[in-house]
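1. Coordinates for the following, if possible.
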Amino acid sequence: MIPTPEDLEVLKIIEAALMKRWPENKIEPSLDRISALVDALGSPQISFPTVHIGGTNGKTSTSRMVDALFTELEYRTGRFTSPHLESFLERISIKGEAISPAELIATYNDIALYLDLIDSRSDTPISYFEALTALAFVAFAEHPVDIGIIEVGMGGDWDATNVIQSTVSVLMPIGLDHTEYLGETIEEIARTKAGIIKPESHVVLAAQEPEVARILLERVVEKSAIPYREGIEFALLRRDIAVGGQLIAIRGVHGEYSDIYLPLHGAHQAANAAIAVATVEAFVGVKLDEDLVRAAFAGVSSPGRLEILHRDPTVIIDAAHNPHGAKALAETIRSEFDFESIFCVLGILGDKDVKGFLKALEPVVDRLVVTKSESPRALSVAELFALAVEVFGSDRVFKEDDLASAITYAMEQVTLINQVSDGVSAVVITGSVVTAGSARVILKKIGRAVEK
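-> Prediction:
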């Protein structure tokens, strides 16, 4: 349904009201506010079973794969993910599609007075993320959905999503990120993220560092939960690079699945697919139909994750925002693409391990164009340029004050290179979800985008 101009205007007003709340990067760790809010709303989050997906990297892609599998099983799905690329509506998905403006408006009208009520009773007001979490729970309860697929926002123990009583918890690979809130060591971060494990639930564990695995398994035992460990109870058996993606085989919890085409690039996406299969198997308790799995994955997408958005020249965007993500991006470029050279456009947030990110990219990037995204948390061009020169050397680093100029410059340079070279060079845009989302908008305006 095409939204009316009136709905779009109301949506802008709602978004502006939400944006005035505490931003996502300002955390007052507590479940008190969200607990009071959902209690006042009638606990919508317990009206449907849920899968809870936490960890540091791969949460959104895995959530989309889990959604695709449940959809093929004919479940009505509700999926809550964050952050968004272009519109905050993307965060709340119902039956595989972003919630419509009309549905969002109706849901917001249902909860607006309750937001004000909890604000009046708390020293700290309801945050932007807490409000969106409540919006998702109410939207899913009202439709209603058969299964909620809920991505953790930050951490786990005190994350706003942790008021659910999940049937299956998923812990994706855990690394150092958001250390100002989650802890200075990977062990501290693991303990916080393990907080989503519920008593006597099923717990799907991605491959982890040994010290992380020990902490997660201790929590599993403490909660009398049932673990499914990557590499033990389930595994990715093989992956072969194919046109537009890869062909994979998976040993699931209850059986094997072969000849699965996954239209996504990277060993990390193949691992995500294995985790998604194990998650749905853990929920339903039996092996899935192999043709159903093939159908689900054949149509899966993960916007902003190694996404080719332009041809002539090739432009790829990736929402990598920490060294773990940058390493996965670099390895995929190295192993699955045959580019002669890479011009990288980088805009990153100031609270990230910028030096670690740059070092992960350096082996596969020939020229780097540093810039600044629209995020108020973005690292300045001058600071990023100085750090980039330390890692890349002054002759390989360029700077542009805004993202659009950086993209235009990189595309022009790559076009010139391609005109005089037998090989093919490409542009890669990365550094944050905000950078990837803004790049999508810019590239649509430039035109010649890849047909979807």
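2. where does the stretch 151-300 of the chain have low pLDDT?
-> Scanning the stretch 151-300 of the chain for pLDDT under 70 picks out the ranges 177-183.
3. what about the strands in it?
-> 168-171, 202-205, 226-229, 235-242, 245-251, 256-262 (DSSP state E, counting those that start in this stretch).
4. got the buried residues for the second one?
-> Right, strand 202-205. Under the neighbour-count criterion of 16 or more other Cβ atoms under 10 Å, strand 202-205 has H202, V203, V204, L205 buried. Every residue, glycine included, has its C-beta placed from N, CA and C.
5. what sits up against that strand?
-> 167-171, 197, 213, 216-217, 220, 225-230, 234, 275, 278-279, 282-283 (Cβ atoms under 8 Å, 6 or more residues apart in numbering).
6. re the thing from before, just the strands of the stretch 151-300 of the chain: most buried one?
-> strand 168-171 (a mean of 30; mean count of other Cβ atoms under 10 Å).
7. Check the offset of that strand from the chain's centre.
-> 15 Å (Cα atoms, centre = their mean, to the nearest Å).
8. Next, the residues that contact it from outside, please.
-> 51-55, 62, 193-194, 196-198, 201-206, 208, 216, 225, 275, 279, 282-283.
9. Serialize the strands of the stretch 151-300 of the chain to a markdown table and add fields for distance to T71.
-> Shown next, in a markdown table, are the strands of the stretch 151-300 of the chain (distance: least, Cβ to Cβ, whole Å):
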| stretch | distance to T71 |
| --- | --- |
| strand 168-171 | 17 |
| strand 202-205 | 19 |
| strand 226-229 | 22 |
| strand 235-242 | 22 |
| strand 245-251 | 18 |
| strand 256-262 | 16 |
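10. Can you say which of these is nearest to K95?
-> strand 168-171 (19.9 Å; Cβ to Cβ).
11. and the closest one, C-alpha only, in CSV?
-> Output in CSV follows, covering the C-alpha atoms of strand 168-171 (Å, rounded to 0.1, in the frame of the first residue of the first chain):
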residue,chain,number,x,y,z
VAL,A,168,15.7,-19.9,21.9
SER,A,169,18.6,-17.6,22.6
VAL,A,170,21.4,-17.1,20.1
LEU,A,171,24.9,-15.8,20.9
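12. Pairing partners for it, with directions?
-> Sheet pairing of strand 168-171 (DSSP bridges) gives strand 50-54 (parallel), strand 202-205 (parallel).
13. so can I have CSV of these showing distance to L346?
-> Converted to CSV, those look like this (distance: least, Cβ to Cβ, whole Å):
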stretch, distance to L346
strand 50-54, 27
strand 202-205, 32
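14. Counting residues, which helix of this structure comes out longest?
-> helix 101-121 (DSSP state H).
15. chain center to that one, what's the gap?
-> For helix 101-121 - counting by Cα atoms, centre = their mean - the centre lies 26 Å from the chain centre.
16. Now do the buried residues in that helix.
-> Buried residues in helix 101-121, counted by 16+ other Cβ under 10 Å: P101, E103, L104, I105, T107, Y108, D110, I111, Y114, L115, I118.
17. Relative to R396, which of the strands paired with strand 168-171 is closest?
-> strand 50-54 (37.0 Å).
18. Report the distance from whichever helix or strand comes after the closest one to the chain centre.
-> Under the assignment DSSP states H and E, the closest C-terminal helix or strand after strand 50-54 is helix 59-72. Remark: helix 59-72 is offset 12 Å from the chain centroid, using Cα atoms, centre = their mean.
19. Could you point out the helix or strand that follows helix 59-72?
-> Next element after helix 59-72 (DSSP H and E): strand 77-80.
20. Which one of the strands of the stretch 151-300 of the chain lies nearest to E400?
-> Here strand 245-251 is closest among those (Cβ to Cβ), at 32.0 Å.
21. Check which helices and strands the closest one sits against.
-> If contacts are counted by 3 or more Cβ pairs under 8 Å, 6 or more residues apart in numbering; DSSP states H and E, strand 245-251 sits against strand 235-242, strand 256-262, helix 267-284.
22. okay if I get those as a markdown table plus distance to R377?
-> Formatted as a markdown table, those follow (distance: least, Cβ to Cβ, whole Å):
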| stretch | distance to R377 |
| --- | --- |
| strand 235-242 | 35 |
| strand 256-262 | 33 |
| helix 267-284 | 25 |
